[in-house]
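Engineer: Structure for the following, please:
(4 chains)
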2 protein chains.
Amino acid sequence: MSERRWRVGELAEAAGMTVRTLHHYEQIGLLVPATRTSGDHRLYGEADVERLYRIRALRGLGMSLEDIRTALDDRSALAEVLHAHLGRVELELERMTLLRDRLRSITSNGRTSSDDLLATLNAMSRVERHAHARRSHNEREDVESRWRALADRLRACMAAGDSPSSERARAAASEARELIEAFANGEAAILEDLARLRESDPPRDLAGWDPELTRYLHAALAALSEECSNTQRSEGATNPC
Amino acid sequence: MSERRWRVGELAEAAGMTVRTLHHYEQIGLLVPATRTSGDHRLYGEADVERLYRIRALRGLGMSLEDIRTALDDRSALAEVLHAHLGRVELELERMTLLRDRLRSITSNGRTSSDDLLATLNAMSRVERHAHARRSHNEREDVESRWRALADRLRACMAAGDSPSSERARAAASEARELIEAFANGEAAILEDLARLRESDPPRDLAGWDPELTRYLHAALAALSEECSNTQRSEGATNPC
DNA sequence: ACTTGAACCTCACGCTGGGTCAGGTTGTAT
DNA sequence: ATACAACCTGACCCAGCGTGAGGTTCAAGT
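Structural biologist: Numbers count the residues shown, from 1 in each chain, chains lettered A, B, ... in the order given. Predicted structure coming up:
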């Protein structure tokens, strides 16, 4: 008539966890054994085993122990907690995808010599430092809206099927170059860094710039450079192409 | 002739970090200020600022402080460290994608009532418990190879363009059902749980089962069930469809 | 009944990357 | 000289356990 009892080691092995984990679960109040022996050894009951397997299932879904407790103690909260967790996972996934793309383009950008990487790293840090310095200097919103307008123009070009070297695309690229130069504020080093990064690092901080759009802008900028070097080659090195 | 110095608060604000972070970086030997004032206030030099911005750039790529120190102290290791980090990120990304898929199918499986979710959770935990119990019972390899062979057969059907209800596909599905029943080992509850999970949770632990393949198997199993219910409807409820 | 060895017990510190006090000292402007 | 901001060190906190240390209890064999 009395139900089966499990000692902590038995339960740990059955569930594929360590004894320490069960201790921890008890410590935070997530899974408290039904009783103890007279000598204070833990004795788990069937309900505990059931609960432990549910905990395992939810942990396998990546949930925090705190959330698991909420979900198990108030079962009407289960749906809500799972949904919230899915949201966080999707956010994290997005972040990590971005991260992976950046890492890929940085490491596979031509040859992977350490010197090259160090230079890229310097470029990244200088650009970020510069961006941070400007950021505090409240002319941000205006610039952001101009970038957004530019994105719209480029998307229109793409939708119309214009080639990146078309008139309209190059006009937009010209505006982009203007913005870039305003950002660099006349510092040649920053411009160089930006040129270096343009391939591996799209204009981030700005939502709505998908890779396709970035590639298109890149192509249009290249077309613009091409044109400049053809028509103004004799005017010296001061032109900003 | 003396270089510019930064006090800790200045540097923190310029770099967009907290003072505590700089303290921490010093504590772990990642960024030690060039000098101190007579009253022990930290004074950072230009090289320190440079280093801090590199640290920031690498942190932005998700690297651990330990890896960052390795990369910055031995710049020939930079490439290696970045590459290793990319590998870890890709692995993590894969894991999280799987996780997201599972969460999505669980939460969006029909209506999202908490009762339904709790039942799914119970099914998950019972199946996992059962799988774990079998796993220790060393008949694993044989079963795995049969699943692999089955995957190959299904892939061949797909490649040949066979419909899931074709003769060959149903034959493969029949083998699948046999394996599933062997797994359940006659326990009706487990079979029910598996049926419940089949939609939301593909046979994991088995590499090489992409979603497409899973869907195909699912369709073939459905076709098989259909057939059974048509030809054997009068034979009672004991048939395992 | 006694012994032995495995299993168990409770602290308590370790990891990451800092956040957040507390209580005392220094730098700088007036 | 005085006020006040900025700074100092030290310490505990988060998650989810891993990994001991040092002592006790359980279950089996003799």
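Engineer: all strands of chain A, in order?
Structural biologist: Per DSSP state E, chain A carries strands over the ranges A:6-7, A:35-36, A:42-44.
Engineer: Make a markdown table out of the ones you listed and add distance to A:Leu58 and mean neighbour count.
Structural biologist: (Glycine included, C-beta is placed from N, CA and C.) A markdown table is the format used below for these (distance: least, C-beta to C-beta, whole Å; neighbours: other C-beta atoms under 10 Å in any protein chain shown):
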| stretch | distance to A:Leu58 | mean neighbour count |
| --- | --- | --- |
| strand A:6-7 | 20 | 18 |
| strand A:35-36 | 25 | 10 |
| strand A:42-44 | 18 | 20 |
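Engineer: Report the central residue of chain A.
Structural biologist: Per C-alpha atoms, centre = their mean, the C-alpha nearest to the average position across chain A is that of A:Arg95, at 1.7 Å.
Engineer: could you dump the strands of chain A to TSV with mean pLDDT?
Structural biologist: Below are these laid out as TSV (pLDDT from 0 to 100):
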stretch	mean pLDDT
strand A:6-7	98
strand A:35-36	98
strand A:42-44	98
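Engineer: tell me the pLDDT at the closest residue to A:Val32 other than its chain neighbours?
Structural biologist: Distances taken as C-beta to C-beta, 6 or more residues apart in numbering or on different chains put A:Glu26 closest to A:Val32, at 5.4 Å, once the chain neighbours are dropped. For A:Glu26, the pLDDT comes out at 98.
Engineer: try A:Gln232
Structural biologist: 49.
Engineer: for chain A, what spans make up the helices?
Structural biologist: A:8-15, A:19-27, A:46-60, A:65-73, A:78-107, A:114-135, A:140-160, A:167-184, A:188-200, A:211-231 (DSSP state H).
Engineer: mind checking which of those is nearest B:Glu90?
Structural biologist: Between B:Glu90 and those, the tightest spacing by C-beta to C-beta is seen for helix A:78-107, at 6.1 Å.
Engineer: Where does the prediction get shaky in chain A?
Structural biologist: Scanning chain A for pLDDT under 70 picks out A:1, A:109-112, A:114, A:134-141, A:143-144, A:184-187, A:190, A:196-211, A:227-241.
Engineer: Could you tell me how many residues sit around whichever residue of it sits closest to DNA strand D?
Structural biologist: Relative to DNA strand D, the nearest point of chain A is A:Gly39 (2.3 Å; C-beta to the nearest atom of the strand). Residues near A:Gly39, counting by other C-beta atoms under 10 Å in any protein chain shown, number 5.
Engineer: hang on, isn't A:Arg177 packed against A:Ala220?
Structural biologist: No. Counting by C-beta atoms under 8 Å, A:Arg177 sits too far from A:Ala220 to count as a contact (9.8 Å).
Engineer: Compare neighbour counts for these two and give me the winner.
Structural biologist: The residue with more neighbours, out of A:Arg177 and A:Ala220, is A:Ala220; 26 against 18, by other C-beta under 10 Å.
Engineer: Flag every residue of chain A that's near DNA strand D.
Structural biologist: A:18, A:20-21, A:24, A:37-41, A:59, A:64-66 (C-beta under 7 Å from any atom of the strand).
Engineer: what's the farthest-apart pair in the residues you listed?
Structural biologist: A:Ser38 and A:Ser64 (35.6 Å).
Engineer: So for the two, which residue has more residues nearby?
Structural biologist: Just comparing A:Ser38 and A:Ser64: by other C-beta under 10 Å the higher neighbour count belongs to A:Ser64, 13 against 5.
Engineer: where's that one relative to A:Leu52, distance?
Structural biologist: A:Ser64 is 17 Å from A:Leu52, where distance means C-beta to C-beta, to the nearest Å.
Engineer: cool, and A:Trp6?
Structural biologist: Distance from A:Trp6 to A:Leu52, by C-beta to C-beta: 9 Å.
Engineer: Now do stretch A:129-142: distance from first to last residue.
Structural biologist: Terminal residues of stretch A:129-142 are spaced 20 Å apart (C-alpha to C-alpha, to the nearest Å).
Engineer: whoops, I mixed them up, stretch A:100-116
Structural biologist: Length of stretch A:100-116, first residue to last, C-alpha to C-alpha: 19 Å.
Engineer: Check stretch A:9-29 too.
Structural biologist: In stretch A:9-29, first residue to last residue: 19 Å (C-alpha to C-alpha).
Engineer: Now list the buried members of the residues of chain A next to DNA strand D.
Structural biologist: Neighbour-count burial (16 or more other C-beta atoms under 10 Å in any protein chain shown) applied to the residues of chain A next to DNA strand D gives A:21, A:65.
Engineer: and which of the residues of chain A next to DNA strand D is nearest to A:His83?
Structural biologist: For those, the minimum distance to A:His83 (C-beta to C-beta) is 14.7 Å, reached by A:Ser64.
Engineer: Quick one: residues contacting that closest one.
Structural biologist: Applying C-beta atoms under 8 Å, 6 or more residues apart in numbering or on different chains to A:Ser64 gives no contacts.
Engineer: How many neighbouring residues does the residue nearest to A:Val32 have?
Structural biologist: Quick note: A:Glu26 (other C-beta under 10 Å) scores 15 neighbours.
Engineer: buried sites along stretch A:82-96?
Structural biologist: Applying 16+ other C-beta under 10 Å to stretch A:82-96 flags A:82, A:85-86, A:89, A:92-93, A:96 as buried.
Engineer: Can it be said to contact chain B?
Structural biologist: Yes. With C-beta under 8 Å from any C-beta of the partner chain as the measure, stretch A:82-96 is seen reaching chain B through A:82-83, A:85-86, A:89-90, A:92-93, A:96.
Engineer: swap in stretch A:36-45?
Structural biologist: No. Interface with chain B: stretch A:36-45 contributes nothing (C-beta under 8 Å from any C-beta), its closest point being 14.2 Å away.
Engineer: ok, is that stretch in contact with DNA strand C or not?
Structural biologist: Yes. Against DNA strand C, stretch A:36-45 shows contacts by C-beta under 7 Å from any atom of the strand at A:36, A:40-42.
Engineer: Would you mind listing what in chain A touches DNA strand C?
Structural biologist: Checking chain A against DNA strand C by C-beta under 7 Å from any atom of the strand, the hits are A:7-10, A:12, A:19, A:23, A:36, A:40-42.
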